[in-house]
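K.L.:
Sequence and predicted structure are below.
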Amino acid sequence: MKLDTAAAEIGISLAAYKRLCRLFLDNTDRDIQTLHDALRAGDTGKISETAHHIKGAATNLDLEELADLAAEMRAHAEEDHERLEEVLSRLGDTYKEIKSELLEQL
Amino acid sequence: MKNILVVDNNPMLLEFMAELLDPKGYHVLTAESGLAALRTVETVTPDLVFVDLIMPQIGGTELLRLLRNRPELEHSYLVILSAIAAEEPDFDFSDLADAYLAKVPFKHMGANVLNLLEDLTAGRTEEYRRRIVGLDQIYRRDITKELLFSRHHMETMLSGISDGFVELSENHQVIFVNDAAARIFEMSREELLTSDFPALFPAETSQKIADSLQRLGEGKIELGRGAPVYYGERQLNLRINPVRYKEYRSLIVLIQDITEQVRAERIIRDDLKEKETLLREVHHRVKNNLNVVASLLSLQTNFLEDPQAGKHLIESKNRVESMALIHEKLYNTEDLSGVFLDSYLKDLITHLLNSYGHQSDSIETTIDIPEVHLDLSLAVPLGLIINELLTNSLEHGLTEQGDGQIEIRLESDDHEGRYRLLIRDNGPGIPDDLDPEESDTLGLLLVSSLAQQIHGSFELKNDRGALALIEFQKH
């Protein structure tokens, strides 16, 4: 993902797009930690809500793979723990790659 | 068109809109909730407002209605900016807003927003009233669909309950209100939204509610039962619970209209008091009438020459008086359903001793009875039984030499659910050939018969004097 291309596509400056990316990273770091906590506590309501946050933010920036994983997380929020752990693990890995790519350009 | 207000609880969206529009010369104001938006429009009149539909602290639909009703915003252009469009593509927004942009990825949303502003400037607004813009660019959002269902489900349930449900912000402004609460306050839901909750009430009550909300802290409180809370003619009961979720803070107020309930309770209490007074009066009159009967019997003895006949009349008089004593106890006590056995027995013994001409200290009486409350159906036959047995002791068992003893003891068998009553005197005892079941004396026949009436048994034997045993069911 090239930040300057994305910024031009959206119609904002590169500096503005970088600010949006930093906001996205701050929020998603916090949301992923919340997902881990909620999964440990078995709080399905919080899992749904937090997955919704991540999906919304990922959709805003057109990060479809991350948005799909967040959707999957939400869809299975009330199902077995192992399945959720597996999806959260994939979601974490995908996010790490995105974060790494973004940080290189910020 | 210079001032643009964006209302959304997604900080990224707010940041995006500011970054998109500020460089184009617009003055962008942002608000993270409906309530914050309403505060903003108190000081600034926006030319255009973007509103998300799903938000905490006053949802988008309510906010749009409130904005639409403000005269100073008459010419403001209202735009829905929401992801719900995917689930409700045919949603009729004409009475809520002037346009509806679907929430899509920023790369599309930026262009959609700028196109809208350009068309507005050029006066090309008609098309926006007819369709949702960006439906073809929307990302499938199953999550939103489920959350939307969940929200509709919750709102439907809350609108169906008969009690008022109000959510307040931290500074006590109404941010959600259901239909029942609107009916209680006789205002529309829109009128109630953003109202200062304590200020809805008359001054004195308002201060009381405001003070309680200030003291609320972590706990919950209830107002209205001890000290009444009135709204007009209505008496209300308020249950206030703080809500804390992450950084989110609010207060939930459940409002019960207890006007009818309190009125019904008052009527029942008054009715009960009236019936108690009547019942007390009935017992008083029964006691008086029984005493008249006892007096007549007593008077009649003065005209009898046969001492045996006189003795029988006195015994009958005592039976009547043992019953009168119960009614006397009943109308003098708070509880009209029965009497306390120990208190009744003490009075009965004193009465019988006097009746037979004994000084109250001439016979040593030992009463060992726990605090037992007997209802009328048990107290009357039991009183008559004890009357007969004590009469027997006083007539046949004890002398007036000052060494007479009567012992009355009640034992409770909780396991069997029965009482055991023992009455013993230290007299010569009963004749060896006396069988209470076959006795031809009225007293013992009465005791046997009354013992059966209370589902009990009766036994009379010698044990250091005469010993009578009565066992009977507790209830």
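P.N.:
Received the coordinates, thanks.
K.L.:
from here on, contacts and neighbour counts on C-alpha atoms
P.N.:
OK.
K.L.:
need the strands for the stretch 101-250 of chain B, in chain order.
P.N.:
Assigned by DSSP state E, counting those that start in this stretch, the stretch 101-250 of chain B shows strands spanning B:164-168, B:174-177, B:221-223, B:229-231, B:234-245, B:248-257.
K.L.:
from the ones you listed, which stretch is densest packed?
P.N.:
Of all the strands of the stretch 101-250 of chain B, strand B:174-177 carries the top mean neighbour count, a mean of 26, counting by mean count of other C-alpha atoms under 10 Å in any protein chain shown.
K.L.:
quick check: mean pLDDT across that strand?
P.N.:
Mean pLDDT, computed over strand B:174-177, is 90.
K.L.:
For chain A, list the residues in contact with chain B, please.
P.N.:
Within chain A, the positions adjacent to chain B are A:6, A:9-13, A:16, A:20, A:23-24, A:52, A:57, A:59-62, A:71, A:74-75 by C-alpha under 8 Å from any C-alpha of the partner chain.
K.L.:
circling back: tell me which of the strands of the stretch 101-250 of chain B approaches chain A most closely.
P.N.:
Among these, the nearest to chain A by C-alpha to the nearest C-alpha is strand B:234-245 (10.2 Å).
K.L.:
for the closest one, packing partners?
P.N.:
For strand B:234-245, the packing partners by 3 or more C-alpha pairs under 8 Å, 6 or more residues apart in numbering or on different chains; DSSP states H and E come out as strand B:221-223, strand B:229-231, strand B:248-257, helix B:259-301.
K.L.:
repeat that with 6 Å
P.N.:
Judged by 3 or more C-alpha pairs under 6 Å, 6 or more residues apart in numbering or on different chains; DSSP states H and E, the packing partners of strand B:234-245 are strand B:221-223, strand B:229-231, strand B:248-257.
K.L.:
Need the residues that contact that strand.
P.N.:
B:220-224, B:229-230, B:249-259 (C-alpha atoms under 6 Å, 6 or more residues apart in numbering or on different chains).
K.L.:
One more: stretch B:316-330?
P.N.:
With contact meaning C-alpha under 6 Å, 6+ apart, stretch B:316-330 is reached by B:283, B:287, B:290, B:294, B:297, B:336.
K.L.:
Write the ChimeraX selection for whichever of these are buried.
P.N.:
Remark: buried members of these, expressed as a ChimeraX selection using 16 or more other C-alpha atoms under 10 Å in any protein chain shown:
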select /B:283,287,290,294,297,336
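K.L.:
Kindly reformat the strands of the stretch 101-250 of chain B as a markdown table and extend each row with distance to B:Lys474.
P.N.:
Shown next, in a markdown table, are the strands of the stretch 101-250 of chain B (distance: least, C-alpha to C-alpha, whole Å):
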| stretch | distance to B:Lys474 |
| --- | --- |
| strand B:164-168 | 48 |
| strand B:174-177 | 55 |
| strand B:221-223 | 41 |
| strand B:229-231 | 46 |
| strand B:234-245 | 42 |
| strand B:248-257 | 43 |
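K.L.:
quick one: which of those is nearest B:Arg409?
P.N.:
Of all the strands of the stretch 101-250 of chain B, it is strand B:221-223 that lies closest to B:Arg409, at 49.7 Å by C-alpha to C-alpha.
K.L.:
Could you list the domains of chain B?
P.N.:
For chain B, automatic domain parsing gives the domain ranges B:3-142, B:161-257, B:268-336, B:353-475.
K.L.:
sorry, back to before: distance to B:Gly357 and mean pLDDT for the helices and strands packed on strand B:234-245 - can I get that in a markdown table?
P.N.:
Output for the helices and strands packed on strand B:234-245, formatted as a markdown table (distance: least, C-alpha to C-alpha, whole Å; pLDDT from 0 to 100):
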| stretch | distance to B:Gly357 | mean pLDDT |
| --- | --- | --- |
| strand B:221-223 | 63 | 87 |
| strand B:229-231 | 64 | 88 |
| strand B:248-257 | 66 | 90 |
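K.L.:
Export these as a markdown table, with columns for distance to chain A.
P.N.:
A markdown table is the format used below for the helices and strands packed on strand B:234-245 (distance: least, C-alpha to the nearest C-alpha, whole Å):
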| stretch | distance to chain A |
| --- | --- |
| strand B:221-223 | 27 |
| strand B:229-231 | 36 |
| strand B:248-257 | 13 |
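K.L.:
interface residues of chain B facing chain A?
P.N.:
Applying C-alpha under 6 Å from any C-alpha of the partner chain, one finds that chain B approaches chain A through B:19-20, B:105-107, B:110.
K.L.:
Give me the neighbour count for B:Asp8.
P.N.:
Neighbour count of B:Asp8, defined by other C-alpha atoms under 10 Å in any protein chain shown: 26.
K.L.:
now A:Glu79
P.N.:
Counted with other C-alpha under 10 Å, A:Glu79 comes out at 12.
K.L.:
Ok, the one 10 residues further on next?
P.N.:
A:Ser89 is flanked by 14 other residues according to other C-alpha under 10 Å.
K.L.:
Please apply the same query to B:Ile268.
P.N.:
12.
K.L.:
Low-confidence bits of the stretch 151-300 of chain B, can you list those?
P.N.:
Along the stretch 151-300 of chain B, the model assigns pLDDT under 70 to residues B:151, B:245-247.
K.L.:
related to what we said a few turns ago, which one of the contacts of stretch B:316-330 is nearest chain A?
P.N.:
The closest of the contacts of stretch B:316-330 to chain A turns out to be B:Leu336 (C-alpha to the nearest C-alpha; 55.9 Å).
K.L.:
Distance of the nearest residue to the closest one once chain neighbours are set aside relative to B:Val286?
P.N.:
Closest residue in space to B:Leu336, ignoring its immediate chain neighbours: B:Leu330 at 5.6 Å, by C-alpha to C-alpha, 6 or more residues apart in numbering or on different chains. Distance of B:Leu330 to B:Val286, given as C-alpha to C-alpha, to the nearest Å: 11 Å.
K.L.:
Those two: which is more packed in?
P.N.:
B:Leu330 (22 against 16).
K.L.:
What lies in contact with stretch A:77-88?
P.N.:
Against stretch A:77-88 from outside (C-alpha under 6 Å, 6+ apart): A:Thr44.
K.L.:
switch to 8 Å and redo it
P.N.:
By C-alpha atoms under 8 Å, 6 or more residues apart in numbering or on different chains, the residues outside stretch A:77-88 that reach it are A:35-36, A:39, A:44-45, A:47-48, A:69, A:72-73, A:76.
K.L.:
same deal with stretch B:69-83?
P.N.:
Residues outside stretch B:69-83 that contact it (C-alpha under 8 Å, 6+ apart): B:45-54, B:64, B:67-68, B:96-104, B:138, B:141, B:144.
K.L.:
distance between the ends of that stretch?
P.N.:
The straight-line separation of the ends of stretch B:69-83 (C-alpha to C-alpha) is 25 Å.
K.L.:
Show me the shaky parts of chain A.
P.N.:
For chain A, the stretches with pLDDT under 70 are A:1.
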